[in-house]
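# okay, predicted coordinates and the sequence, questions at the end:
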Amino acid sequence: MSRIVSFRGLLASGAQKRIALETIRGEKGYRIVKFEMFSYTPGIGTAAEHLIKIYKVEQTAVDGTVNFSDNTLLGSGFLPVKTSEFTQNDIVVFDNEIFNQNIYVTHSDIGGNSVPCNFYIELEQRDLALDEATVATLKDIRNND
């Protein structure tokens, strides 16, 4: 049986937030079912270009690049605010990824204005069998596909 758990927050540019999910035995598995971003100053303020990324591991630095070859990346979203070059936001989530450890959300205002941004994440939580929990834990620890 599965249930939906949600997390929301406001991140400053250059910030990282840990979302605590790990359990002692790793018996709870998660996958992202919804990821949304919303401007801190909708319709007003300085132009901003928000980049929020979700990772399986803590990041040593918060940057403004997206690499889909990075197997620790779970999702990424780009939200331009008041810019003529971009007209829509883009969100990509690798929803087939099952994880049972903490995840990390990073934010960078790549427009250079250091404006914060809101995020909202829904995770589907389900019980994992012992073998599934072991595989998910080892995969997260080793950061391998």
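Perfect, I can see it now.

# now Val93: how far from Leu74?
7 Å (CB to CB, to the nearest Å). C-beta: built from backbone N, CA, C; applies to glycine.

# repeat for Ala136
Counting by CB to CB, the gap from Ala136 to Leu74 is 13 Å.

# of those two, who's got more company?
The neighbour count for Ala136 versus Leu74, taken as other CB atoms under 10 Å, is higher for Leu74 (24 against 21).

# shared neighbours, Ala136 and Leu74?
Residues touching both Ala136 and Leu74 by CB atoms under 8 Å, 6 or more residues apart in numbering: Phe99.

# need the pLDDT of the residue nearest to the spatial centre of the chain.
The centroid of the chain falls nearest to Ile54 when counting by CA atoms, centre = their mean (2.2 Å). Looking at Ile54, its pLDDT stands at 97.

# what's across from it in the sheet?
When bridges are called by DSSP bridges, Ile54 pairs up with Gly75, Val105.

# make sure it is actually in contact with Leu73.
Yes - look at Ile54 against Leu73 with CB atoms under 8 Å: they come within range, at 7.4 Å.

# and Lys28, what does it touch?
Leu21, Asn100, Gln125, Arg126, Asp127, Leu128.

# closest to Tyr40 out of those residues?
When these are compared for distance to Tyr40 (CB to CB), Leu21 wins out at 25.4 Å.

# ok so, going back, for ChimeraX, what selects the buried ones among the contacts of Lys28?
Selection of buried members from these for ChimeraX, criterion 16 or more other CB atoms under 10 Å:
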select :21,100,125,128
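
# and Val135, that's in a strand?
No - the assignment for Val135, made by DSSP: H, G, I helix; E, B strand; the rest coil, is helix rather than a strand.

# okay, now it: neighbour count?
The number of residues packed around Val135, counting by other CB under 10 Å, is 16.

# Phe94 now?
For Phe94, using other CB under 10 Å, the count is 14.

# swap in Val62?
That count, for Val62 with other CB under 10 Å as the rule, works out to 17.

# could you shift the numbering so residue one becomes 17, and keep it that way?
Taking 17 as the first residue, the last one we looked at is Val78.
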